[in-house]
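K.L.:
This is the structure alone, sequence omitted:
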């Protein structure tokens, strides 16, 4: 056993098996640290906390905070990623796919990135302020003052997420795992964003997060597509790159884009966009933004996955059957475009 | 290097360093598998999905599902644990403490348990059905039909969570990390349970989960304290033990408790209970339940942490400064009382 003792003394690490390597995408993985915390948020005095006699009707509650769950791999890269979900969804978007495969949260960790998954303000584990609802219930406010809460039905979402042109038609070659759609629909939650100011409190919270974790690539999706840009405009500190996946909106092409100087930008799209009256104008506007950004000296790219040979991608491409392939391409883009 | 080769051939696992051992409570840890999924839930047709002109006002939405996040350690024990949060909180309860220490979710994983953390139905990442709210907003239902949504103010929660007799007074020796209270208050969310039937859809979902994962200890807290009992009453399959931490209610002492046959039960309490007009009657009723259960041949225990020398525990004892000590005692109880 002399060799073992000697190697231990010399600081040589040996692992035969029973010891995880994160380099593979299956099998055990090693986490250096994990946990959760909140960014943003503030205490307010509400006079409509509760209508129950056993609790005070008024008092202090925390609102606008953003829940963050994170995992750091051993030997983490210097650059972290923040994963920001879209409309009517939560951070669950990035976890296990509906058909039970590894989500991008784990893919990034296995590829050396400390990974932070958020629930937008007023979504998931980030508290909604229900004061107005409680005040209307008790008759102190008229019902028209209720917040504009929105759900997207499965029938509508089918088209929004581009599973097909219209429920239940399917685009040929479409990659979303529709066999597991029942599990997917359970991911959907009500959207309270219209009860919040613009930009949403998620934006300053993302800025706080990017700085707190000493630099991050902000990866957004759909409704949150614009958030990283809004965050950079507020404060570029800590934003190493912006990845906007199928954004609901890009910055306007005619605005001053200088706040993006030095921040690489990727706008990434799935397939069938030109078949969707909802999405085609958004793509067009994003292409104009990317062109304007490049003219302003910003390194911005608009990428169609189909142009890379990855055809059939839905709007929920991080959950598509080839999500790992797409995710690995994105990791390659980050490794190539982001310093550190 | 002959020894290494021989040992590899023999299937001997060697790890010197750079390789995680889950036996310590710090340093890297190895996860065999992790992810998230839903249990329970059903599709309903709602005629109040949205008031926005860009979406259909009616359609199909999924309701009553329960979000589950899990981690399985390498060499997991045969028995899993399910962690169920209480009122106005989410699964975050069991993750990192407000002062940034390891949560019980990770403590259990590091001690060999596959660990499942849920968000109750209509809480956190488990969607709320907002149909009534949307119908009232549009004037199709009267405001009195709004759901009874409830928050607990920080001032009230102070007393409910027994940080002290009354905000901002503190019980002497109380162990909750009050320096990090701002982070803790951000964990609180509105409670929609009064919009749900009794028992909550969380209960059948827990039954589905316990069976799906082939046996689990159901560990509940406060509002959810009664859920594991309701689950066992519905179907004892897969319930290896019930741990009810500071339950809002225990089963009635005079009911037929035979559905608990063969299921070890622990009811666990923090400190200062006899100083709380809210909690003292609940403790009394649980003691009566435990007595009745034992008479009925059920192995049930009522344990006060202060009787074990762990004084100063708050209602949020899984986040107290000595939460790891308490958690380890609980792990010892499970190892001793649960087969497999």
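P.N.:
Thanks, I have the structure now. It should be emphasised that the depicted structure is a prediction, and the values quoted were computed from it without experimental measurement.
K.L.:
how about the nearest residue to the residue in the stretch 101-250 of chain A positioned nearest to chain B, chain neighbours excluded?
P.N.:
Nearest residue of the stretch 101-250 of chain A to chain B, counting by Cβ to the nearest Cβ: residue A:153, 2.4 Å away. Where you see a C-beta, it was placed from the backbone N, CA and C, and this is true even at glycine. Closest residue to residue A:153 apart from its sequence neighbours, by Cβ to Cβ, 6 or more residues apart in numbering or on different chains: residue B:59 at 2.4 Å.
K.L.:
Pull out the buried residues from the helix or strand hosting residue A:330.
P.N.:
Residue A:330 is part of helix A:323-337, with elements assigned from DSSP states H and E. Using 16 or more other Cβ atoms under 10 Å in any protein chain shown as the test for burial, helix A:323-337 gives A:323, A:324, A:325, A:326, A:327, A:329, A:330, A:331, A:333, A:334, A:337.
K.L.:
same question, stretch A:297-317
P.N.:
By 16+ other Cβ under 10 Å, the buried positions in stretch A:297-317 come out as A:298, A:300, A:302-306, A:310-317.
K.L.:
And the helices in chain A?
P.N.:
A:2-10, A:104-110, A:131-137, A:154-160, A:181-185, A:202-212, A:227-234, A:280-295, A:323-337 (DSSP state H).
K.L.:
looking at the ones you listed, which has the lowest confidence?
P.N.:
In terms of average pLDDT, helix A:2-10 trails the rest of those, at a mean of 37.
K.L.:
interface residues of the stretch 101-250 of chain A facing chain B?
P.N.:
Selection of the stretch 101-250 of chain A residues close to chain B by Cβ under 8 Å from any Cβ of the partner chain yields A:102-103, A:106, A:119, A:124-125, A:127-128, A:130, A:133-134, A:136-137, A:139, A:142-144, A:146-156, A:182-183, A:185-190.
K.L.:
thinking residue A:230 is in contact with residue A:203, fair?
P.N.:
Yes. Look at residue A:230 against residue A:203 with Cβ atoms under 8 Å: they come within range, at 4.6 Å.
K.L.:
ok, back up a step: what is the nearest of the buried residues of stretch A:297-317 to residue B:261?
P.N.:
Nearest to residue B:261 among the buried residues of stretch A:297-317 is residue A:316, at 45.9 Å by Cβ to Cβ.
K.L.:
what's near enough to touch the closest one?
P.N.:
Contacts for residue A:316 were tallied using Cβ atoms under 8 Å, 6 or more residues apart in numbering or on different chains; they are A:93, A:161, A:176, A:184.
K.L.:
try 10 Å
P.N.:
By Cβ atoms under 10 Å, 6 or more residues apart in numbering or on different chains, the contact list for residue A:316 reads A:86, A:89, A:93, A:97-98, A:157, A:160-163, A:175-177, A:184, A:187, A:221-222, A:245-246, A:270, A:323.
K.L.:
How about residue A:164?
P.N.:
The contact partners of residue A:164, taken as Cβ under 10 Å, 6+ apart, are A:158, A:170, A:171, A:172, A:174, A:176, A:178, A:272, A:275, A:314.
K.L.:
can you check residue A:178 too?
P.N.:
With Cβ under 10 Å, 6+ apart, residue A:178 has these contacts: A:98, A:99, A:158, A:163, A:164, A:168, A:170, A:184, A:314, A:321.
K.L.:
Same check on residue A:42?
P.N.:
Each residue near residue A:42 by Cβ under 10 Å, 6+ apart is listed here: A:61, A:62, A:63, A:64, A:65, A:201, B:182, B:186.
K.L.:
ok, the third one to residue A:126 distance?
P.N.:
To residue A:126, residue A:63 is 9 Å away according to Cβ to Cβ, to the nearest Å.
K.L.:
re earlier: quickly list what the residue nearest to residue A:153 is bridged to.
P.N.:
residue B:46 (DSSP bridges).
K.L.:
Show the pLDDT at it.
P.N.:
Per-residue pLDDT puts residue B:59 at 98.
K.L.:
is it true that it touches residue B:50?
P.N.:
Yes. Using Cβ atoms under 10 Å, residue B:59 is in contact with residue B:50, at 8.4 Å.
K.L.:
ok, those two, which is more surrounded?
P.N.:
Neighbour count, other Cβ atoms under 10 Å in any protein chain shown: between residue B:59 and residue B:50, residue B:50 has more, with 26 against 21.
K.L.:
Burial check on residue A:185, number of neighbours?
P.N.:
Using other Cβ under 10 Å, residue A:185 has 21 neighbouring residues.
K.L.:
Against residue B:167, how distant is whatever residue of the stretch 1-150 of chain A ends up closest to chain B?
P.N.:
Ranking the residues of the stretch 1-150 of chain A by distance to chain B (Cβ to the nearest Cβ) places residue A:59 first, at 2.4 Å. Separation of residue A:59 from residue B:167 (Cβ to Cβ) stands at 9 Å.
K.L.:
OK, contacts around residue A:98?
P.N.:
A:92, A:176-187, A:316, A:319, B:37-38.
K.L.:
hmm, 7 Å instead?
P.N.:
Residues counted as contacts of residue A:98 (Cβ atoms under 7 Å, 6 or more residues apart in numbering or on different chains) are A:177, A:180, A:181, A:183, A:184, A:319.
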